[in-house]
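Peer 1: Quick one, fold the following:
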Amino acid sequence: MTELYPIVQFKKDTYEIDEFDCASIFLLVGSEKALLIDTGIGIGNLRGAVSRITQKPVIVALTHGHGDHTGNAWQFPEIYIGGKDFDGFHYETLEMRKSYAASIAKRMLSCLPSVYQVHNLYGYDIEKDIVPAAPDKVREQTVTPIRQGHTFDLGGGRIVTAYECQGHTPGQMMFLDEMTRSLFVGDALNYNLGVSGTPVDVTIKGLRTMVSLSDKYDGIYNGHHDFRALGAPLGDDCLPNAIKVCEAALAGSAVYSVIPNFMGSDRPPVRMAVFERNFVGLPD
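Peer 2: As a prediction, this is how the structure comes out:
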């Protein structure tokens, strides 16, 4: 399977792995072990790509339980996930994973002039590089629920701390690496933020937790880089504006708009609350 992921080292021993525009995966390497934050929809040999960077033992911390962040977790023996997403944790079907990858590829191709719309835009084959989770690997791995305050000691003083950040899912977690002053939030924050399954006041609480940690980080890195450059953090306006949108929704003053679906023009438009560059999908 392919290992040709675009990868950038953007801070010391800190890497963003681009799973062909489907998801962003982060690798943090300490002196004794490495932490992999999320594993994408599950394209290719992620473990093989990681082993090219480090030979240290690798543990996986999942920001939440959605399939576009858990897909290749089966390739690793030690998995951690927020307690409130633990009970529903499962590996998505092969059909779902292929469909998601195809949607992302179709969305990107639609942005290019027709002369460049070739089928080999990405370095993978959807039939050969998206495979089922191997039953023997799944049986051998441990999946452990975590709560706020859980720490991962990677050695050399690199300690990563987990914080609860409900909103996108009930068990959404974020991970603070104080050594590089980086906050990894999965889908808890984005310019296109989906929180339709969570009460707005709960989402605001999670976003304010990010604010409360702001003296400990210089950049917020989310689980998809479609609104930022690979290796770059979200813009400084993203978090305060997401809070403003949610507060307006709670007060009944949010401005809504029907916009094209971010997953592609073949999907129905969506109704979202809008403020400047931020779009937030809220409960009906």
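
Peer 1: Could I get the average pLDDT for stretch 233-243?
Peer 2: Taken as a whole, stretch 233-243 carries a mean pLDDT of 98.

Peer 1: residues touching Met96, list them.
Peer 2: Gly67 (CB atoms under 8 Å, 6 or more residues apart in numbering). In short, each C-beta sits where N, CA and C put it, glycine included.

Peer 1: Wasn't it part of a helix?
Peer 2: Yes: using DSSP: H, G, I helix; E, B strand; the rest coil, the secondary structure at Met96 is a helix.

Peer 1: Please report the distance of it from Gly71.
Peer 2: Separation of Met96 from Gly71 (CB to CB, to the nearest Å): 9 Å.

Peer 1: What residues of the strand or helix carrying Leu250 count as buried?
Peer 2: Leu250 is located in helix 238-251, with elements delineated by DSSP states H and E. Neighbour counts using 16 or more other CB atoms under 10 Å place Cys238, Leu239, Asn241, Ala242, Ile243, Lys244, Val245, Cys246, Glu247, Ala248, Ala249 of helix 238-251 among the buried residues.

Peer 1: which other helices and strands contact the following helix or strand past that helix?
Peer 2: The helix or strand immediately downstream of helix 238-251 is strand 256-259, counting by DSSP H and E. Counting contacts by 3 or more CB pairs under 8 Å, 6 or more residues apart in numbering; DSSP states H and E, strand 256-259 is packed against strand 270-275.

Peer 1: The next helix or strand after the strand it packs on pairs with which strands, and in what direction?
Peer 2: Counting by DSSP H and E, the next helix or strand C-terminal to strand 270-275 is strand 278-281. Using DSSP bridges, strand 278-281 pairs in its sheet with strand 192-194 (parallel), strand 270-275 (antiparallel).

Peer 1: residues making contact with strand 278-281?
Peer 2: 191-196, 237-238, 241-242, 244-246, 249, 259, 270-274.

Peer 1: Quick check: beta-bridge partners of Gly186?
Peer 2: Bridge pairing for Gly186 - DSSP bridges - gives Asn222.

Peer 1: hang on, isn't it packed against Asp38?
Peer 2: Yes: applying CB atoms under 8 Å, one finds Gly186 in contact with Asp38, separated by 6.3 Å.

Peer 1: Next, show the common contact partners of the two.
Peer 2: Leu62, Thr63, His69, Gly223.

Peer 1: isn't the third one right up against Thr39?
Peer 2: Yes: under the contact definition of CB under 8 Å, His69 touches Thr39, with a separation of 6.8 Å.

Peer 1: Mutual contacts of these two, please.
Peer 2: Contacts common to His69 and Thr39, judged by CB under 8 Å, 6+ apart, are Leu62.

Peer 1: Just give the number of residues close to Pro132.
Peer 2: Neighbour count of Pro132, defined by other CB atoms under 10 Å: 12.

Peer 1: I'd assumed Leu94 was in contact with it.
Peer 2: Yes: Pro132 lies in contact with Leu94 (CB under 8 Å); the separation is 5.2 Å.

Peer 1: in the chain, what spans have low per-residue confidence?
Peer 2: The model of the chain has pLDDT under 70 over residues 110-120, 196, 284.

Peer 1: Can you show me the helices along it?
Peer 2: 46-53, 67-70, 83-86, 94-110, 135-140, 200-212, 238-251 (DSSP state H).

Peer 1: Between those, which one is closest to Tyr15.
Peer 2: Comparing those against Tyr15 with CB to CB, the closest turns out to be helix 46-53 (6.2 Å).

Peer 1: That closest one - contacts with which helices or strands?
Peer 2: Against helix 46-53 (3+ CB pairs under 8 Å, 6+ apart) you get strand 14-18, strand 24-29.

Peer 1: most packed of the ones you listed?
Peer 2: Most buried of these, by mean neighbour count (mean count of other CB atoms under 10 Å): strand 24-29, with a mean of 23.

Peer 1: Which elements pack onto that strand?
Peer 2: For strand 24-29, the packing partners by 3+ CB pairs under 8 Å, 6+ apart are strand 14-18, strand 34-37, helix 46-53, strand 219-222.

Peer 1: swap the cut-off to 10 Å and go again
Peer 2: strand 7-11, strand 14-18, strand 34-37, helix 46-53, strand 58-62, strand 173-177, strand 182-186, strand 219-222 (3 or more CB pairs under 10 Å, 6 or more residues apart in numbering; DSSP states H and E).

Peer 1: can you count the residues close to Val274?
Peer 2: 17.
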